[in-house]
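1. below: sequence and its predicted model.
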Amino acid sequence: MHRPPYLSLTAVLACLLAAVSCAPHPPAPFGACPTPQQVAWQQMEMNLFCHFGPNTFTGAEWGDGTEPEDSFNPADLDCRQWAATARAAGFQGIIVTAKHHDGFCLWPSPESRHTVAHSRWRDGQGDVLRELSDACAAEGIRFGIYISPWDRNDPRYGSPEYNDAFVRTLESVLDGTYGPVFEQWFDGACGEGPDGKKQVYDWPRFFDTVRRLQPDAVRFSDVGPDCRWVGNEQGAAGRSNWSTLRVEGFEPGAGSPQTAVLNGGTPGAPHWAAAEADVSIRPGWFWRASETEKVKSVQELLKIYYETVGRNALLLLNVPPDTRGRLDPVDSLRLMEFRAALDTVFAVDLAAGATVTGPSRGAGFEAANVLADDYGRYWAQPDGMVRGKLTLSFDTPRTFNRVLLQEYIPLGQRISAFHVDALDADGTWREIARETTVGYKRIVLTPDVTALAVRVVIDDALACPTLSRIGLFNDTVYCATGN
């Protein structure tokens, strides 16, 4: 009787190890890469900015710190309305101006007498941050803080003691009293204080205080350290927009890099600081009745969306509460119209069902991954291949005018040049777009195109390219073409 041969345990393990060693490995991270917190932050895509304070009632854009505390007196504060509106409009978080340049604090800061605790609002017992953080938690969106280091009210401003006081101010907000803070927003403004002196800010200490108290918070300023200003307040990132930035020798405010650098980042730089684009739905940052007829149109908001989220930046749209302490009905309606427009444009991905072909580094990194609705699945080429192409072929012609691309940024930003071709009914390939960077998300505006196939060609990259998604959409709402 012959017994079948059996492999020893050692032989079985050797076979398994051989199989594993032959399986393709993910690309090695390239250059500066984002932390998980930075990736999650960029995936939020759109947040609301709410400028609210004494300026809401005085009509000033920058208060001078001498306004009476009683000037702040919202008639019917409803932070739940802010949060519910933000959520319904597709925004993931709210950042509120807890302290603007006038020094007025929307919470009972122990470091100041220029606060809600010294106003007549709610007999000095009110706390906007408490109400807003609770409202954000109830609506399932995230809570962020703006605290200006410039203080036109504090008599210590302009002295070393002020930096100590500012750290204690940060501590009173970030110590967990108001729960998790997803972003700490720092303005680099540095003007004169009450005695005519300017302050030398201790930025490293300020940044360290945030990290110590809110380790998951993303810290914003002109130069990061976690996300950077886009360099303008018009809601426009650069057509080339790298999430990497050279920050050595720079600091927020007057010491920041040139506007063009902030707008486009620096390829291959050693620091990850993706761009955030702050822009107001109104001409000013604080609410004024005179500007209600000047709220941006849906067309303007769509243009801003394409030039921020569609260019690898996060959109921070300012929608200021009015003197009641509510978002103005005109602004709220416009946000709903904006959300409806985005839903219309991106409801149907015309790339769905395509056959995708192109070189890859092997199993797990196939070309077809770009159609999976899973950011963690991505296409990647073999190491050393910085050029390549993916072809999407359709059973029937597809008509579109928007091409959406996403890199898998946890491994770094890589693509520096690409173009898109379309296959006409007569069998001719023609170029329909040529751009540079991709990053977390790139939306390319094209003329109306009807194609049997689409080819995304990576012309150059800093390392083997990755793509987690290719999408095709048809925008009949915002009809402009070209990025």
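-> Ah, there it is. Numbers count the residues shown, from 1 in each chain.
2. tell me which element Asp343 is part of?
-> Per DSSP states H and E: Asp343 is located in helix 329-345.
3. output the contacting helices and strands for that helix.
-> Using 3 or more C-beta pairs under 8 Å, 6 or more residues apart in numbering; DSSP states H and E as the contact test, the elements touching helix 329-345 are helix 79-88, helix 298-307. For the C-beta atoms, the positions are set from N, CA and C on the backbone; glycine is no exception.
4. out of these, which comes closest to His419?
-> helix 298-307 (18.4 Å; C-beta to C-beta).
5. now that closest one against helix 329-345, angle please.
-> 60 degrees (axes from the mean of the first three to the mean of the last three C-alpha atoms, to 10 degrees).
6. pull out the buried residues from helix 298-307.
-> Within helix 298-307, the residues scored as buried using 16 or more other C-beta atoms under 10 Å are Val298, Glu300, Leu301, Leu302, Lys303, Ile304, Tyr305, Tyr306, Glu307.
7. related to what we said a few turns ago, columns mean pLDDT and distance to Ala425 on top of the helices and strands packed on helix 329-345, output as TSV?
-> Output for those, formatted as TSV (pLDDT from 0 to 100; distance: least, C-beta to C-beta, whole Å):
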stretch	mean pLDDT	distance to Ala425
helix 79-88	98	42
helix 298-307	98	28
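8. adding distance to Asp195, write the ones you listed out as TSV.
-> Formatted as TSV, the helices and strands packed on helix 329-345 follow (distance: least, C-beta to C-beta, whole Å):
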stretch	distance to Asp195
helix 79-88	35
helix 298-307	40
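9. Leu48: which of those is closest?
-> Per C-beta to C-beta, nearest to Leu48 of the helices and strands packed on helix 329-345: helix 79-88, 4.7 Å.
10. what angle do the very next helix or strand once past that closest one and helix 79-88 make?
-> Note on helix 79-88: by DSSP H and E, the next helix or strand toward the C-terminus is strand 93-99. Compare the direction of strand 93-99 with that of helix 79-88 by the same axes, to 10 degrees and you get 140 degrees.
11. let me know the closest of the buried residues of helix 298-307 to Gly427.
-> Tyr306 (31.4 Å).
12. how about the closest one: what's its closest non-neighbour residue?
-> Ile443 (5.7 Å; C-beta to C-beta, 6 or more residues apart in numbering).
13. SS state for the one you found?
-> Following DSSP: H, G, I helix; E, B strand; the rest coil, we place Ile443 in the strand state.
14. so it bridges to which residues?
-> Taking DSSP bridges as the rule, Ile443 bridges to Leu404.
15. can you count the residues close to it?
-> 22 (other C-beta atoms under 10 Å).
16. please look at it and Lys303 and confirm they touch.
-> No - contact criterion C-beta atoms under 8 Å: Ile443 and Lys303 do not qualify, at 11.7 Å.
17. quick one on the thing from earlier: out of the helices and strands packed on helix 329-345, flag the one nearest Leu245.
-> helix 298-307 (19.2 Å).
18. which helices and strands does the following helix or strand past the closest one pack with?
-> Using DSSP H and E, the helix or strand that follows helix 298-307 in sequence is strand 313-318. Under the contact criterion of 3+ C-beta pairs under 8 Å, 6+ apart, strand 313-318 touches helix 36-44, strand 46-50, strand 274-280, helix 298-307.
19. about what we covered before: next, the contact list for the residue nearest to Tyr306, please.
-> Tyr306, Val309, Gly310, Arg311, Arg402, Val403, Leu404 (C-beta atoms under 8 Å, 6 or more residues apart in numbering).
20. cool, and Ser393?
-> Contacts of Ser393 (C-beta under 8 Å, 6+ apart): Ala354, Thr355, Val356, Thr357, Leu452, Ala453.
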